[in-house]
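[1] Turn this into a model:
(chains A and B)
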Amino acid sequence: MSIIVKTTTRFLAALMLLFGVYIIFTGHINPGGGFQGGVILASVVLLLFIAFGQKYPHIPENLASFLEDISALSLVLLGIICLIIGKAVFSNFILGTKYDFFSAGTIPYINCIIGLEVGAAFMVLFYTFFTFMRRQS
Amino acid sequence: MGAIGIVLWGIILFTASAIPYGTPPGDAAIHYIEKGSEETGSRNLVTAIIMDYRLYDTIGEVTVLFTAILGVTLILGRNHHRIERKLKQLDHLYGGNSDGNVYNR
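    Residues are numbered from 1 along each chain as shown, chains lettered A, B, ... in the order given. From the prediction side, this is the model:
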């Protein structure tokens, strides 16, 4: 890509990463949540792909795939932990201080897990599409 | 058989349309609005609903996303060159002409 795109990407990528993490972490306080933040995180990777090529983000595809599997598994494990404690599946079993950053019990953790899952899933998708495109051309 | 099905369908529609359903803020919605931030401790009521009360819905969405990515990776995935090589070997064995293109078969 041209130098304009590369410079803008260098400037924007860190800000977009920060914004995605902010959207995920404050999903229980402000509008936002795991899905939106995860998609923003994945769009950073897409931007780096487009500007610098597939090798640049230094995230191996196996790692993205592994993260996706682990986070999808940990959602199920959270339900099983609820069962072991003795509450209903996916019930909110810890309650912190109200309306604080560490509040709302399991909601922020579920947000983090879903953000990781969605981001990693879209990353795997972009990797697959880019590899497929390169093979077809 | 079809006539019975149509008659049953009509009975169900007629019965469902005869039930009174009440006016908009329903019982569940009233509970969410009044007790939602109390029970979950979340300041954002939408997050309190989709991440706590309706977490099964969110898990279903994540499962749909996971399955979609799984299908894309299976069909367009990175091990496709192995399949191409296999098909090329098969074409060579059985005397077909191979251009190495799996997708136009």
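
[2] Any figure for the gap between residue A:79 and chain B?
    8 Å (C-beta to the nearest C-beta, to the nearest Å). All C-beta spots, glycine's among them, are computed from the backbone N, C-alpha and C.

[3] My understanding was that that residue contacts residue A:90; is that so?
    Yes. Residue A:79 is within contact range of residue A:90, at 5.2 Å (criterion: C-beta atoms under 8 Å).

[4] Show me which of these two is the more surrounded one.
    Using other C-beta atoms under 10 Å in any protein chain shown as the criterion, residue A:79 and residue A:90 rank with residue A:90 on top: 22 against 15.

[5] Check the closest residue to that one other than its chain neighbours and give its pLDDT.
    If you skip the residues right next to it in sequence, residue A:90 has residue B:55 as its closest partner in space, 4.3 Å away by C-beta to C-beta, 6 or more residues apart in numbering or on different chains. pLDDT, residue B:55: 85.

[6] same question, residue A:31
    Residue A:31 is given a pLDDT of 85.

[7] For it, give me its contacts.
    Going by C-beta atoms under 8 Å, 6 or more residues apart in numbering or on different chains, residue A:31 touches B:44, B:46.

[8] do the one 10 residues further on as well
    By C-beta under 8 Å, 6+ apart, residue A:41 lies in contact with A:17, A:20-21, A:24, A:115, A:119.

[9] What separation do you get for residue A:65 and residue B:73?
    Computed as C-beta to C-beta, to the nearest Å, the residue A:65 to residue B:73 distance reads 8 Å.

[10] who touches both of those two?
    residue A:124.

[11] any weak-confidence spans in the chain?
    You didn't pick a chain, so chain A it is. For chain A, applying pLDDT under 70 flags the ranges A:57, A:96, A:136-137.

[12] wrong chain, I was asking about chain B
    Using pLDDT under 70, the flagged stretches of chain B are B:78-81, B:83, B:95-105.

[13] Get me the contact residues on it for chain A.
    Chain B comes close to chain A at residues B:37, B:39-44, B:46-48, B:50-52, B:55-56, B:58-59, B:61-63, B:65-66, B:69, B:72-73, B:76-78, B:80-81, as judged by C-beta under 8 Å from any C-beta of the partner chain.
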